[in-house]
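Engineer: model this:
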Amino acid sequence: KTRVFGSGDDRLYGHALDALAGGGRIAIEAGFVRLGEFSPSRSAPETASRDTIEDAFRRGRYAPPARDDALAGLRDREAADRMLQALLDDGLLINVGAEIIFHREVLQEIETLVTAYVGEHGEITVAVLRDQLGTSRKYALAVLEHFDATRLTR
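Structural biologist: As a prediction, this is how the structure comes out:
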């Protein structure tokens, strides 16, 4: 960015990206820019690793596995790390802080539960969320801090 636009006004950079995206030359997804016609391809082992990792976090539900545990059974650790990062970049997995990662669908379920509870009771505590999810304080606290940071509960 600096090489092309210098260290000047970021608005010029934003307008250029918008113009290129509007014309289909580039695509902007989840904060990343790619050529409009580019679609990443993965080998069969990479796809299998990605599916295994995503499934581990989906099955973990309200007590998701630690990063190392989710990658433990995979042969190629470097490729597994790349696939985990791809899942995070694509928004299928969400790091809520302190190395705690939830599957997007699970976090959306929790968000729905928290929103409904707060709507009815005015607030929610870590203990209440912990009990409702049947999980530990560690996960309930991380989720509520994430929701505070994203202004859902603040």
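Engineer: quick one, phi psi at the residue nearest to E99 when sequence neighbours are not counted?
Structural biologist: Leaving aside its sequence neighbours, E99 sits nearest to R67 (Cβ to Cβ, 6 or more residues apart in numbering; 6.1 Å). Quick note: C-beta positions are derived from backbone N, CA and C, even for glycine. With angles defined as degrees, to the nearest 10, R67 sits at phi -50, psi -50.
Engineer: wait, doesn't R67 sit right on L88?
Structural biologist: No: with contact defined as Cβ atoms under 8 Å, R67 does not reach L88; the gap is 10.2 Å.
Engineer: Now the common contact residues for these two.
Structural biologist: In terms of Cβ atoms under 8 Å, 6 or more residues apart in numbering, R67 and L88 are both contacted by the residues I101.
Engineer: need the strands for this protein, in chain order.
Structural biologist: Secondary structure of the chain by DSSP state E: the strands cover 26-29, 32-35, 93-97, 100-103.
Engineer: most tightly surrounded among these?
Structural biologist: Of all the strands of the chain, strand 100-103 has the most neighbours on average by mean count of other Cβ atoms under 10 Å, namely a mean of 22.
Engineer: who does that one touch, helix- and strand-wise?
Structural biologist: Secondary-structure packing of strand 100-103 (3 or more Cβ pairs under 8 Å, 6 or more residues apart in numbering; DSSP states H and E): helix 44-60, strand 93-97, helix 137-149.
Engineer: so for it, what's the average pLDDT?
Structural biologist: Strand 100-103 shows a mean pLDDT of 97.
Engineer: Give the pairing partners of that strand; include direction for each.
Structural biologist: Sheet pairing for strand 100-103, assigned by DSSP bridges, gives strand 93-97 (antiparallel).
Engineer: and the strand it pairs with, average pLDDT?
Structural biologist: 94.
Engineer: start the count at 48, not 1, going forward
Structural biologist: New numbering, starting at 48: the last item is strand 140-144.
Engineer: Tell me what angle it forms with helix 184-196.
Structural biologist: 100 degrees (axes from the mean of the first three to the mean of the last three Cα atoms, to 10 degrees).
Engineer: so strand 140-144 versus helix 91-107, what angle?
Structural biologist: Counting by the same axes, to 10 degrees, strand 140-144 lies at 50 degrees to helix 91-107.
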